[in-house]
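1. could you work out the structure for the sequence below:
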Amino acid sequence: MCNNYVKYSRDLHNDPVFKSFSYDYRHIFLTILVNSAFKPITLNDHGVMIDLQAGQLMTTIRDLVRLCDEPTVDKSKVERALALFEKCQFSRQETRHRKTIITITLSNIYDKRKNENETTIETKSRQDRDKIETQKKNDKNDKNNNLYVPTPSGLRLSNLLHQSILKFQSTFKAKSLDSWPRHIDDMIRLDKRTELDIESVINWLQTSDFWKKNILSTCKLRDKFDQLQIQMSIEKKEKELKSNLRSTLGGIEVTEYNKVW
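-> Reported below is the predicted structural model:
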């Protein structure tokens, strides 16, 4: 950064992946960019000397939220953005002495033209243009434009269903297996299902000859979840009634009772 300007390649704005990011994610990345070291420096972090190379920023998630200075950017959004940038190979992060070191990994991002009088991008102008963009692309586009990053719960439960299917059908070939975690995450985030409820239904499916052959994806699991929970509850009550009756009769099987069930 020099004289309130930072020079970087205009190719960044033409990058199709960068253009697909929401306004907030682009703002977060540019905030990292303009606050990163533009040449090798050494910083003193509470007595610990830390060397930074060009394109590196030492910060914390809280400080990065403050640097973004946008009401729609919070700690959770910054964490998701950093995970996305790493997945898209825009940056990587590591922890040193309780601080996060973010490294810009895009090649040729900084404008290396020697002529200092050539056109540069002014920070204030950039912010003004981005604020106009956010009126056209608000947070409603956030989930459509952002690349999906599966949660640990989504991965674990989708794998549980997949492995359960393979136990009774070893030749099963799942379609769009990469999309399975997203349906689980949507069940938790949008449908307000608990992780425990989903796991219980998946485990119960293997006891039902009918349903285990018909629920062969997380999409189908989400679609039939209410019906599955009801059926699971009915079977549980039936087993409890039978168990209670046998206990009352001293373990004697009652033929007429069994015919009812």
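
2. list the contacts for residue 50?
-> When the contact criterion is Cβ atoms under 8 Å, 6 or more residues apart in numbering, the partners of residue 50 are 42, 43, 44, 58, 96, 97, 99, 101. Heads up, the C-betas are built off the backbone N, CA and C, glycines and all.

3. sheet partners, orientation included, of the helix or strand it falls within?
-> The secondary structure element spanning residue 50 is strand 48-52 (assigned by DSSP states H and E). The pairing partners recorded for strand 48-52 under DSSP bridges are strand 41-45 (antiparallel).

4. pass me the low-pLDDT residue ranges in the stretch 101-250 of the chain, would you?
-> Low-confidence segments of the stretch 101-250 of the chain, defined by pLDDT under 70, are located at 107-129, 131-146, 247-250.

5. quick one on the thing from earlier: need the max-distance pair from the contacts of residue 50.
-> Greatest spatial distance in those: 44 and 101, 14.9 Å, computed using Cβ to Cβ.

6. any figure for the gap between residue 189 and residue 80?
-> Separation of residue 189 from residue 80 (Cβ to Cβ, to the nearest Å) stands at 13 Å.

7. so which of the two has more stuff around it?
-> Neighbours per residue, other Cβ atoms under 10 Å: of residue 189 and residue 80, the larger number sits with residue 80, 16 against 13.

8. tell me the contacts of the closest residue to that one other than its chain neighbours?
-> If the residues on either side of it in the chain are set aside, residue 80 comes closest to residue 149, at 6.8 Å by Cβ to Cβ, 6 or more residues apart in numbering. Contacts for residue 149 (Cβ under 8 Å, 6+ apart) come out as 80, 83, 84, 87.

9. of these, buried ones?
-> Neighbour-count burial within the contacts of residue 149 applies to 80, 84; the criterion is 16 or more other Cβ atoms under 10 Å.

10. still on that earlier bit, which element follows the strand holding residue 50 toward the C-terminus?
-> Later in the chain than strand 48-52, the nearest helix or strand by DSSP H and E is strand 56-59.

11. what helices or strands is that following strand leaning on?
-> Under the contact criterion of 3 or more Cβ pairs under 8 Å, 6 or more residues apart in numbering; DSSP states H and E, strand 56-59 touches helix 23-35, strand 99-104.

12. try it again with 7 Å
-> Identification of packing neighbours for strand 56-59 by 3 or more Cβ pairs under 7 Å, 6 or more residues apart in numbering; DSSP states H and E yields strand 99-104.

13. got the CA positions of the strand it packs on in CSV?
-> Once non-C-alpha atoms are left out, strand 99-104 reads as follows in CSV (Å, rounded to 0.1, in the frame of the first residue of the first chain):
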residue,chain,number,x,y,z
LYS,A,99,-2.9,-15.2,15.4
THR,A,100,-4.2,-16.2,11.9
ILE,A,101,-1.7,-15.8,9.0
ILE,A,102,-3.6,-15.4,5.7
THR,A,103,-1.5,-15.8,2.6
ILE,A,104,-2.8,-14.7,-0.8
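
14. which strands and helices sit next to that strand?
-> Strand 99-104 is packed against strand 56-59, strand 91-96, with contacts defined by 3+ Cβ pairs under 7 Å, 6+ apart.

15. just say which of those strands is most tucked in.
-> Looking across the helices and strands packed on strand 99-104 with neighbours counted as mean count of other Cβ atoms under 10 Å, the highest average goes to strand 56-59: a mean of 20.

16. what's it in contact with?
-> With Cβ atoms under 7 Å, 6 or more residues apart in numbering as the contact definition, strand 56-59 has outside contacts at 32, 35, 36, 37, 43, 50, 52, 99, 100, 101, 102, 103.

17. try it again at 8 Å.
-> With Cβ under 8 Å, 6+ apart as the test, strand 56-59 has contacts from 32, 35-37, 43, 45, 50, 52, 67, 96, 99-104.

18. let's verify the residue nearest to residue 80: helix, strand, or coil?
-> coil (DSSP: H, G, I helix; E, B strand; the rest coil).

19. over to residue 191?
-> Three-state call for residue 191 (three-state DSSP): coil.
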